[in-house]
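Visitor: all I have is the shape, not the residue letters:
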């Protein structure tokens, strides 16, 4: 869709990790070339203490032409807005009528570039007054706003609508056409995403938000409804520091009867195979722990037996052991578990590639392969 277009994504210390990684991977998924630009180095600590990597620094791309700029939020924009070359880049995009998109606190950079006066825009609640102070018009009750080539949104959960408007703007500015069926390729579908403490944050959040962007319903499935879990990153693999998420529906009860009415009520609302159109299994160290949950094993078995799609990312295929979903299949997986597949006592074929699709089973090697994973998932299981 965006083949031939080149976008800048800005990065600094304490940038919001979800807004940064989703924006970068989503543009790549759409076919764009993406250059992540930092101020003075290539490695930055994000708000969740994970690491974000820039491709270059602003001094090396000064004067280079881009087809648009996306500015994630967090505290990073407070530093970005003080750099004259960053402001020049944003002003150049604006002057040429190119996409200028910001979310959460990224709009601070748009303010410093002088782009907000008289423009309809929104931002994180804590800086809406900053927008009004410089003359922006902040619509009430709107989560994402487009005014010409300027697109803004409030928080990470608004990324699906943020990108709806980005692609709408690019359609008008660049004449691009979205893929057939977008943004309703998963409309009417419910996808479960299995999570636990130490599930990979980027994988879980990208899958969750992409299902929503395509009109589907995503449900975080875990041990107990309402449980808060600690998501992980490559720096904090057990999730000691980082993002948190809350389980939306419990996995099927393994048959244990408790004496607490509240627990029994929650168990009665556990997810069923009939309620799902597909199942997604992000990786991370969580896969070591939750794969022993009898209800999860039964759910995967039943989803597979019903021929419904199952997608597993990185270490996610560990959850498929002893479920009947791997026999006679070809898959890929994280290098850390490759030999488990190669040495398996059942007939399963390991393929060393970024994404492998075998019937209703879709597997992905790493976080960086999520764009190809989602393109394949939508092509195979989405509406067109």
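Guide: Noted; the coordinates are in hand. Bear in mind the structure is a predicted one, so any value in this text is a computation, not a measurement.
Visitor: please make it C-alpha for all contacts and neighbour counts, starting now.
Guide: Fine.
Visitor: so which residues of the stretch 101-250 of the chain form helices?
Guide: Taking DSSP state H, counting those that start in this stretch to define them, one finds helices in the stretch 101-250 of the chain at 107-112, 128-133, 159-174, 201-213.
Visitor: go through these and name the closest to residue 84.
Guide: When the helices of the stretch 101-250 of the chain are compared by CA to CA, helix 107-112 sits nearest residue 84, at 9.5 Å.
Visitor: which residues are contacting the closest one?
Guide: Contacting residues not belonging to helix 107-112 are listed as 71, 73, 77-78, 80-81, 87, 90, 102, 116, 123, 131, 134, 152 [CA atoms under 8 Å, 6 or more residues apart in numbering].
Visitor: is it true that residue 33 touches residue 7?
Guide: Yes - counting by CA atoms under 8 Å, residue 7 is a contact partner of residue 33 at 6.3 Å.
Visitor: those two: which has the busier surroundings?
Guide: Between residue 33 and residue 7, counted using other CA atoms under 10 Å, the more crowded position is residue 7 (22 against 18).
Visitor: residue 136 reaches residue 123, doesn't it?
Guide: No - using CA under 8 Å, residue 136 is not in contact with residue 123, being 10.8 Å away.
Visitor: those two: which is more packed in?
Guide: For residue 136 versus residue 123, the count of surrounding residues by other CA under 10 Å is larger for residue 123: 26 against 20.
Visitor: contact partners for residue 21?
Guide: Neighbour list for residue 21: residue 202 [criterion: CA under 8 Å, 6+ apart].
Visitor: change it to 10 Å
Guide: Contacts for residue 21 (CA atoms under 10 Å, 6 or more residues apart in numbering) come out as 9, 52, 72, 202, 203, 205, 206.
Visitor: most neighbours, which of these?
Guide: For the contacts of residue 21, the largest neighbour count, defined by other CA under 10 Å, is 31 neighbours, found at residue 72.
Visitor: please enumerate the helices of the stretch 251-384 of the chain.
Guide: Assigned by DSSP H, counting those that start in this stretch, the stretch 251-384 of the chain shows helices spanning 261-268, 286-290, 294-305, 338-342, 370-381.
Visitor: now render these as CSV, adding mean pLDDT and mean neighbour count.
Guide: Shown next, in CSV, are these (pLDDT from 0 to 100; neighbours: other CA atoms under 10 Å):
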stretch, mean pLDDT, mean neighbour count
helix 261-268, 66, 13
helix 286-290, 94, 20
helix 294-305, 96, 19
helix 338-342, 96, 16
helix 370-381, 98, 18
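Visitor: rebuild those helices as TSV, extending it with distance to residue 45.
Guide: Putting those into TSV (distance: least, CA to CA, whole Å) gives the following:
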stretch	distance to residue 45
helix 261-268	38
helix 286-290	23
helix 294-305	34
helix 338-342	30
helix 370-381	22
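Visitor: out of these, flag the one nearest residue 184.
Guide: Relative to residue 184, the nearest member of the helices of the stretch 251-384 of the chain by CA to CA is helix 370-381, separated by 10.4 Å.
Visitor: and the angle from the closest one to helix 201-213?
Guide: 40 degrees (axes from the mean of the first three to the mean of the last three CA atoms, to 10 degrees).
Visitor: what's helix 370-381 packed up against?
Guide: With contacts defined as 3 or more CA pairs under 10 Å, 6 or more residues apart in numbering; DSSP states H and E, helix 370-381 has these neighbours: helix 17-29, helix 201-213, strand 310-313, strand 355-358, strand 361-364.
Visitor: tell me which of the ones you listed lies nearest to residue 329.
Guide: strand 355-358 (6.5 Å).
Visitor: domain parsing for the protein?
Guide: Listed by automatic domain parsing, the domain ranges of the chain are 6-174, 190-381.
Visitor: still on that earlier bit, of the contacts of helix 107-112, just say which sits nearest to residue 188.
Guide: Ranked by distance to residue 188 (CA to CA), those are led by residue 152 at 27.1 Å.
Visitor: ok, and the closest non-adjacent residue to residue 12?
Guide: Once flanking residues are discounted, residue 12 sits nearest to residue 76: 4.7 Å by CA to CA, 6 or more residues apart in numbering.
Visitor: same deal with residue 165?
Guide: residue 146 (6.3 Å).
Visitor: residue 97 now?
Guide: residue 149 (6.4 Å).
Visitor: follow-up on the earlier one: now the contacts of helix 107-112 in TSV, with pLDDT and distance to residue 42?
Guide: TSV is the format used below for the contacts of helix 107-112 (pLDDT from 0 to 100; distance: CA to CA, whole Å):
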residue	pLDDT	distance to residue 42
71	98	17
73	98	18
77	97	16
78	97	18
80	98	14
81	97	18
87	98	19
90	98	20
102	98	21
116	97	29
123	98	27
131	97	30
134	98	32
152	98	26
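Visitor: of these, closest to residue 222?
Guide: Of all the contacts of helix 107-112, the one with the least separation from residue 222 (CA to CA) is residue 73, at 28.9 Å.
Visitor: right, and that closest one touches residue 126 too?
Guide: No - contact criterion CA atoms under 10 Å: residue 73 and residue 126 do not qualify, at 12.0 Å.
Visitor: so residue 224 versus residue 164, what's the distance?
Guide: According to CA to CA, to the nearest Å, residue 224 and residue 164 sit 33 Å apart.
Visitor: got TSV for the helices of the stretch 101-250 of the chain, with distance to residue 344 too?
Guide: Putting the helices of the stretch 101-250 of the chain into TSV (distance: least, CA to CA, whole Å) gives the following:
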stretch	distance to residue 344
helix 107-112	52
helix 128-133	56
helix 159-174	39
helix 201-213	26
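Visitor: quick one: which of those is nearest residue 281?
Guide: Per CA to CA, nearest to residue 281 of these: helix 201-213, 8.2 Å.
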